[in-house]
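>>> coordinates for the following, if possible.
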Amino acid sequence: MIQIYVCEDNPQQLRYFTEIIQKYLLMHDFSQKFVFGALNPKDLLEELEKKIPEFGLYFLDICLENDMNGLQSAKKIREKDPLGEIVFVTSKSELCMLTFQYQVRALDFIVKDDMELLPEKILKCMKSAEKVYRQILNKSAKSFSIKQGGERIFLNPDEILYMETSGDASHKIAIYTQTKVYHTYGTIKEFAASFEKYPNFFRCHQSVLVNKNYVQRIDRGRKQIILTNGSICPVSVRYLRTYK
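You can find the predicted model right below:
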């Protein structure tokens, strides 16, 4: 579900934003919920400390009269919720260009030049966020996700050649596809358990999980599996007995 947050230092405008959002939540079949309205960005960030949303939608006033403006708070939000969508609200349209300076990706900008059009602009942002969220749900149903750095990445299991324990780090995994190598935290044991629903994956070694669709041949003498792209993975006698 999308969790909606608003940060606006004008109490009347904060109340107005909140009323508009709650009105549209009643009128539309959105997978959304209004969670928190803040006059101060620090209060919003403290709320995120309690629980990171599954998917956040943030309406942030750029010109906040606090120690932290909307752009600075957006950078902090990105650190906590990298997948969330941010909508900047401002009465000064020229400030929108500052988002490039702060390197904060925005779903949209709302300029408070015509308050009568404000509800329509808010609804447009809510619809856009709903579309992105449903795309993520659809994508995640056909794939699995990993965290690499602060980013969540969705991978198609059919595109994975193999995965192995990365170097000396027993809790770091390297995932190899035809075009790229991804790094994430976890263990081969954990991945083997989560990949049981994919019958084409085979744990060939204590530290390696391989996609059987890419196995070219097995060299039992050298205890190696050679993949179609030329990669060589170790295979142990113990696991080879279960290979089908």
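>>> mind listing what's buried along the lengthiest helix in the chain?
In the chain, taking DSSP state H as the definition, the longest helix is helix 118-141. Buried positions in helix 118-141, judged by neighbour count with 16 or more other C-beta atoms under 10 Å: 118, 119, 121, 122, 123, 125, 126, 129, 130, 132, 133, 136. (C-beta placed from N, C-alpha, C; glycine too.)
>>> give the contact list for the nearest residue in space to the fourth one that is not next to it in sequence.
By that I understand residue 122. Taking C-beta to C-beta, 6 or more residues apart in numbering as the measure, residue 122 lies nearest to residue 20, with 5.2 Å between them; neighbours along the chain are not counted. Contacts of residue 20 were listed using C-beta atoms under 8 Å, 6 or more residues apart in numbering, and they are 118, 119, 122.
>>> strand partners of the host helix or strand of residue 217, parallel vs antiparallel please.
Counting by DSSP states H and E, the element that carries residue 217 is strand 215-219. The strands beside strand 215-219 in its sheet (DSSP bridges) come out as strand 224-227 (antiparallel).
>>> restricting to C-alpha, output the partner strand in CSV.
Once side chains and other backbone atoms are set aside, the C-alpha atoms of strand 224-227 remain, and they are given as CSV (Å, rounded to 0.1, in the frame of the first residue of the first chain):
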residue,chain,number,x,y,z
GLN,A,224,33.2,-28.6,-12.4
ILE,A,225,30.0,-27.3,-14.1
ILE,A,226,30.6,-25.5,-17.4
LEU,A,227,27.9,-23.0,-18.3
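>>> residues making contact with the very next helix or strand once past that strand?
Secondary structure here is assigned by DSSP H and E; on that basis, the next helix or strand after strand 224-227 toward the C-terminus is strand 232-234. Contacts of strand 232-234 from elsewhere in the structure, counted by C-beta under 8 Å, 6+ apart, are 162, 164, 204, 205, 207, 208, 210, 223, 224, 225, 226, 227.
>>> which SSE is immediately downstream of the helix or strand bottoming out on mean pLDDT in the chain?
Ranked by mean pLDDT, DSSP states H and E, the weakest helix or strand in the chain is helix 98-102, scoring a mean of 55. On the C-terminal side of helix 98-102, the closest following helix or strand by DSSP H and E is strand 108-111.
>>> and residue 146, helix, strand or coil?
Secondary structure, DSSP: H, G, I helix; E, B strand; the rest coil: residue 146 is strand.
>>> excluding its backbone neighbours, what's nearest it?
Taking C-beta to C-beta, 6+ apart, and ignoring the residues beside it in sequence, residue 146 has residue 184 as its nearest neighbour in space, at 4.1 Å.
>>> could you do residue 67 as well?
With sequence-adjacent residues excluded and distances taken as C-beta to C-beta, 6+ apart, residue 67 is closest to residue 42, at 7.7 Å.
>>> wait, a strand at that neighbour?
No: for residue 42, which was evaluated using three-state DSSP, the result is helix, with no strand membership.
>>> do a quick rundown of the helices in the chain.
Counting by DSSP H, residue ranges of the helices within the chain are 11-27, 41-50, 70-80, 98-102, 118-141, 188-194, 237-240.
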